[in-house]
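Enquirer: for reference, the sequence and a predicted model appear below.
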Amino acid sequence: MIVVTKAETAAEDFLRKAMCAKTARSRAAYARRGLSSHAPLDRTTHTMLLRQLYLSLFEERRFGEAHTVALHAIELDVLADVLHQDAARSALASGDLEGALAHLRAAARRGPASRRSFHLWTLGSTLFLAARYDEAVAALACATRWGTTDKPLYRAHLALVRIASGDNVDDLQETINALAKAPCGKGYGRFLLGHLAYAAREWGAARRYLEAFLERTSASRPALGIALEGEVRMTLATLAKISALTHT
């Protein structure tokens, strides 16, 4: 017979409230109340409460504190790969690229096969924005091999990195078409489609895709917007180049 204490029930209630909170401040308040339970918390509830606290700190741009919370949550060994992703985001936002890369590599090692391609893709995208193209190619090639439904996204990102490194991509239009047709072509896929269209000198299509990416990102949760700041800067720079080329 499993006995559930009142303290455990209260912690789970605060977790639900934190997950439904409308603001970072209220999310943090509920998470802290759940974590202050006098009874021992089960590891899953404890981890999820810490993750809600991490998200609130990250959204408030308190990246050092967010990173500390993510490291604490990793020690509980529940969804450790996801928490390594969280730690990577806070490390990167704090300017610690090498620390972020270490967490992303750990996520790829520790995650289940179903999430390995995602972690490798995130590693590759981070390396790409850091202009470490050879390493990015290696990570994205692995992501493509492991990928299933998101394989067109990974292939497109790999093509973009190869173009940035000066390689020729013979199947560029095929890669663009495959991503445009796939469900993963929405959201982040618009960032890739826009830059691949730019590489193909399709200025109008590039502008439409990139503006759609910016619109969707601006409407997303603050944590996602912060995580995509590098992509947003690159997108704005590319749109400025398109305007200069087309004089509009």
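Expert: Sure thing, it's come through. Numbers count the residues shown, from 1 in each chain.
Enquirer: where along this structure do the helices fall?
Expert: With helices called from DSSP state H, the chain shows them at 6-20, 24-35, 43-59, 63-74, 80-93, 97-110, 113-129, 133-146, 151-164, 172-181, 188-199, 203-218, 222-227, 229-246.
Enquirer: got those helices as JSON lines, with mean pLDDT and mean neighbour count columns?
Expert: Every C-beta, even on glycine, is put in place using the N, C-alpha and C of the backbone. Below are the helices of the chain laid out as JSON lines (pLDDT from 0 to 100; neighbours: other CB atoms under 10 Å):
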{"stretch": "helix 6-20", "mean pLDDT": "84", "mean neighbour count": "17"}
{"stretch": "helix 24-35", "mean pLDDT": "95", "mean neighbour count": "20"}
{"stretch": "helix 43-59", "mean pLDDT": "97", "mean neighbour count": "22"}
{"stretch": "helix 63-74", "mean pLDDT": "98", "mean neighbour count": "21"}
{"stretch": "helix 80-93", "mean pLDDT": "98", "mean neighbour count": "24"}
{"stretch": "helix 97-110", "mean pLDDT": "98", "mean neighbour count": "19"}
{"stretch": "helix 113-129", "mean pLDDT": "97", "mean neighbour count": "21"}
{"stretch": "helix 133-146", "mean pLDDT": "97", "mean neighbour count": "20"}
{"stretch": "helix 151-164", "mean pLDDT": "98", "mean neighbour count": "23"}
{"stretch": "helix 172-181", "mean pLDDT": "97", "mean neighbour count": "17"}
{"stretch": "helix 188-199", "mean pLDDT": "98", "mean neighbour count": "24"}
{"stretch": "helix 203-218", "mean pLDDT": "97", "mean neighbour count": "17"}
{"stretch": "helix 222-227", "mean pLDDT": "94", "mean neighbour count": "17"}
{"stretch": "helix 229-246", "mean pLDDT": "97", "mean neighbour count": "14"}
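Enquirer: wait, residue 197 touches residue 212, no?
Expert: No: using CB atoms under 8 Å, residue 197 is not in contact with residue 212, being 11.6 Å away.
Enquirer: quick one: residues contacting the nearest residue to residue 55 once chain neighbours are set aside.
Expert: Ranked by CB to CB, 6 or more residues apart in numbering and with sequence neighbours excluded, the top spatial neighbour of residue 55 is residue 223, at 5.7 Å. Residue 223 makes contact with 55, 58-59, 89 under the criterion CB atoms under 8 Å, 6 or more residues apart in numbering.
Enquirer: could you do residue 97 as well?
Expert: 91, 126, 130.
Enquirer: do you know how far it is from residue 184?
Expert: From residue 97 over to residue 184 the distance is 26 Å, taken as CB to CB, to the nearest Å.
Enquirer: do the same with residue 217
Expert: Distance, residue 217 to residue 184, by CB to CB: 16 Å.
Enquirer: just residue 237 next, same as before
Expert: Distance of residue 237 to residue 184, computed by CB to CB: 24 Å.
Enquirer: got it, and residue 77?
Expert: Distance of residue 77 to residue 184, computed by CB to CB: 30 Å.
Enquirer: more neighbours: those two, which one.
Expert: For the pair residue 77 and residue 184, the greater number of neighbours falls to residue 184 (18 against 11), based on other CB atoms under 10 Å.
Enquirer: once you drop chain neighbours, what's closest to that one?
Expert: The shortest distance from residue 184 to any non-neighbouring residue, by CB to CB, 6+ apart, is to residue 153 (4.2 Å).
Enquirer: isn't that neighbour up against residue 181?
Expert: No: in this structure, residue 153 is not within contact of residue 181 by CB under 8 Å, at 11.9 Å.
Enquirer: list the residues that contact the nearest residue to residue 92 once chain neighbours are set aside.
Expert: Excluding the flanking residues, the one nearest residue 92 by CB to CB, 6+ apart is residue 100, at 3.9 Å. The contact partners of residue 100, by CB under 8 Å, 6+ apart, come to 87-89, 91-92, 126.
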